[in-house]
Structures are given as structure tokens and as C-alpha cells.
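K.L.:
After the sequence you'll find the predicted model.
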Amino acid sequence: MRVLVTGAAGFIGRWVVADLLARGHAVRPVDSLVAGDPRNLEELAGDASLEPLIVGDVRDREACLRWADGVDAIAHLAASISVQDSIDDPAETVDNDVMGTLSVLEAARSTGARVLFMSTCMVYDRATEGGIAEGHRTRPASPYAAAKLAGEALTLSYHHAYGLRTSVVRPFNTYGPFQRSVGEGGVVAIFTRRSVGGEPLRIFGDGTQTRDLLYATDCARFVADALLSDAAVGRVLNAGTGVDVSVNELAAAVEPDGSRIVHVEHIHPQSEIPVLRCDPALAKAVLGWEPRVTLAEGLAATRTWMDARLAAGRPVL
């Protein structure tokens, strides 16, 4: 297939592109470069099946129509993903994550391409007994989460209204090489960079909040499986390990010197989800997907990658 990947120069986008290329598909990458970085794709540039990166904004309806021409599938990952930015400026997040999704869906409708919409576990209420399955109550505690729910509904409506082959995925907290380690980057990337640099690890709040941490290659494999599977059409699917870890435990796993771990005031406590633990059973049943990388393996691989990048004088964003 020829697959259009929006947000291709972002963290997860980079890994999805790599997974699709490894399966023998051709990839047309698009990114606005507001948060993505073309250097994330440098290692893949020698693959003849990877088209040159297109710099553009998914809110541009005419551009989306051009990009979708000749593609069989669209992995729509482009989005504003900062919770704090969505609280500070909800209109920008809604514009990017809802209206941008509408542009992508309209482009797909014009060609018949199948579409995968990348959502987030942040749409859920806290986990109680067991993990969070797809039918778990949603509770968007930020405009970002609300915009993602709206994008999900739009995506599924194009399946029901027009027969378009669409699916929605909700990966849990993804981490690994190429993740941003500044600002509202991923907690693993931020902790690892600070540990490598000898800086204190700062935990927002009391650190008892938990996360289900999914390694980048497992997430990319899940996205590609769901995008290309007829069994995923019209569905919402979770991806996670089924095991959560507290932020305190995660910090201790990254930095063995407890004196370098400090707690600070939470910057947006109202949007915090105290317990995030995935129930990945449906993804296993529908796609045969299961995570392969343990947390210990993933943390080690992330640190090794970061050490190597810094030793070589290469940027770690």
C-alpha cells in the first residue's frame, strides 16, 4: 500500500513510518514541523519507499486533498498534544485536532482511503478495579482530551455515514527514543535526560499517579496493525501493557540516587488522571496484538539511545 502519515516527523509518527516501511509499504510523510523535527526521519531517508517529507498543515483542506491522491490508507497522527497549551489556548487545540481531522477525513472520502485516527488514553476516567477497557467511562479533563474525543466521533461518523473504513486507537503512555524531553515531553524522556545530565528529577504532585507505559515500537506496531486490518474498521482499540507504575516508582527506576528526586507543585492538577492502567484484551482479540517490550527493557533502550546521541554531539529535543 501507499500510506499517508500525518505528524510523520513527530515521535510516534517516526516509529509508525519505520514500521510501515519495514512491512514493505510506501510512505508519504507530512508534518507541519511545529512540534515534529525532520531529523527524526534521517535514519529512514535511504529507503526508496519513503517519499520526501511534505511540510504542511492538515487544516489546509486543499492540501489534504493533494496529499491523499493515490494513497490507500491514512494514519492521522498530526495533533496539538500539550495539555497545558490546550488549557491556555483551547481554540488552537480544537482547531488543530478537530478541524484538522475533518480535513483529513474529507480528503479520504474523496479517494476512498482507509483512515486511522490517533486518540489518547487521556480521554478516560481513572481506572478502578482491573484495567481500562474501551467501554470505560470517558472524562475529558482538558480541552486536549475533549478535542480528541471529538476527533474520534468524527472519524467513526465517516464510517457510519459514508462507509469509509475508519478506526480509532487509544495508546497509553508511549515512550522511547526520539521522544521530546523538554516542556511537556514524555515523562520517561524528561526523567532520562535529567538523569543522564546529572540534574534533579522533578515529580509533579505526590508522585502516586500511575501510568501504563508502552514502548515506541510496540505502539507503532499496534497503529500499523489497526490501520491495515479490516477487523479494526469501525472500532475503538486500546493499546497498553496492562501494568501501571507510579511516577515515584518510575523515577526510582530511572535514577537510583534518591536524593536527586524532588517533588514540585503540579502545574495542572485538574487534568491529572490518578490511575491509568490499560486493558489490552480487545486489541489482542481483534488484531492478535500484544506488547513485546518490558518496562525494564524499554527504559534501558531509551537511556542507551540518549547516551549515544549526547556522546555523538547530536541533539536530543
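P.N.:
Looks like it arrived, so ask away. Numbers count the residues shown, from 1 in each chain.
K.L.:
Can you get me a residue count around residue 237?
P.N.:
When counting by other CB atoms under 10 Å, one arrives at 27 neighbours for residue 237. C-beta coordinates here come from the backbone N, C-alpha and C atoms, glycine included.
K.L.:
So what does it have for phi and psi?
P.N.:
Backbone torsions of residue 237, given as degrees, to the nearest 10, read phi -130, psi 140.
K.L.:
for the one 5 residues further on, same thing?
P.N.:
Backbone geometry at residue 242, expressed as degrees, to the nearest 10, gives phi 90, psi 0.
K.L.:
Pull up the gap between it and residue 207, please.
P.N.:
Distance of residue 242 to residue 207, given as CB to CB, to the nearest Å: 22 Å.
K.L.:
Which of the helices or strands spans the spatially closest residue to residue 236 that is not a sequence neighbour?
P.N.:
Excluding the flanking residues, the one nearest residue 236 by CB to CB, 6 or more residues apart in numbering is residue 168, at 4.5 Å. In the assignment (DSSP states H and E), residue 168 maps to strand 166-171.
K.L.:
So what touches that strand?
P.N.:
Outside strand 166-171, the residues that touch it by CB atoms under 8 Å, 6 or more residues apart in numbering are 12, 105, 108, 114-121, 123-124, 134, 152, 155-156, 158-159, 214, 219, 222-223, 226-227, 229, 232-240.
K.L.:
What of stretch 284-298?
P.N.:
175-176, 188, 213-215, 217-218, 221-222, 225-226, 229, 231-232, 235, 237, 239-241, 243, 245, 253, 280, 283, 301.
K.L.:
Could I have the buried ones of those as ChimeraX selection syntax?
P.N.:
The buried residues among the contacts of stretch 284-298 can be selected in ChimeraX (16 or more other CB atoms under 10 Å) with this line:
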select :175,176,188,213,214,215,217,218,221,222,225,226,229,232,235,237,239,240,241,245,280,283,301
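K.L.:
In helices only, show me the contacts of stretch 284-298.
P.N.:
Within these, residues falling in helices by DSSP state H are 188, 217-218, 221-222, 225-226, 253, 283, 301.
K.L.:
thinking again about what came up before, can you count the residues close to the residue nearest to residue 236?
P.N.:
With other CB under 10 Å as criterion, residue 168 counts 25.
K.L.:
So what pairs up with it in the strands?
P.N.:
Taking DSSP bridges as the rule, residue 168 bridges to residue 117, residue 236.
K.L.:
and it, how far is that from residue 76?
P.N.:
Remark: distance between residue 168 and residue 76 (CB to CB) = 10 Å.
K.L.:
anything in contact with each of the two?
P.N.:
Residues touching both residue 168 and residue 76 by CB under 8 Å, 6+ apart: 116-117, 155.
K.L.:
just those residues now: which is nearest residue 276?
P.N.:
residue 117 (19.9 Å; CB to CB).
K.L.:
Could you report the distance from the closest one to residue 83?
P.N.:
Distance from residue 117 to residue 83, counting by CB to CB: 19 Å.
K.L.:
Over to residue 267?
P.N.:
Distance, residue 267 to residue 83, using CB to CB: 9 Å.
K.L.:
Can you pick out the residue with more neighbours from the two?
P.N.:
Neighbour tally, residue 267 and residue 83, criterion other CB under 10 Å: the higher count belongs to residue 83, 21 against 13.
K.L.:
Make a PyMOL selection of the buried ones in the contacts of strand 166-171.
P.N.:
The PyMOL command for the buried members of the contacts of strand 166-171 (criterion: 16+ other CB under 10 Å) is given here:
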select buried, resi 12+105+108+114+115+116+117+118+119+120+121+123+124+152+155+156+158+159+214+219+222+223+226+227+229+232+233+234+235+236+237+238+239+240
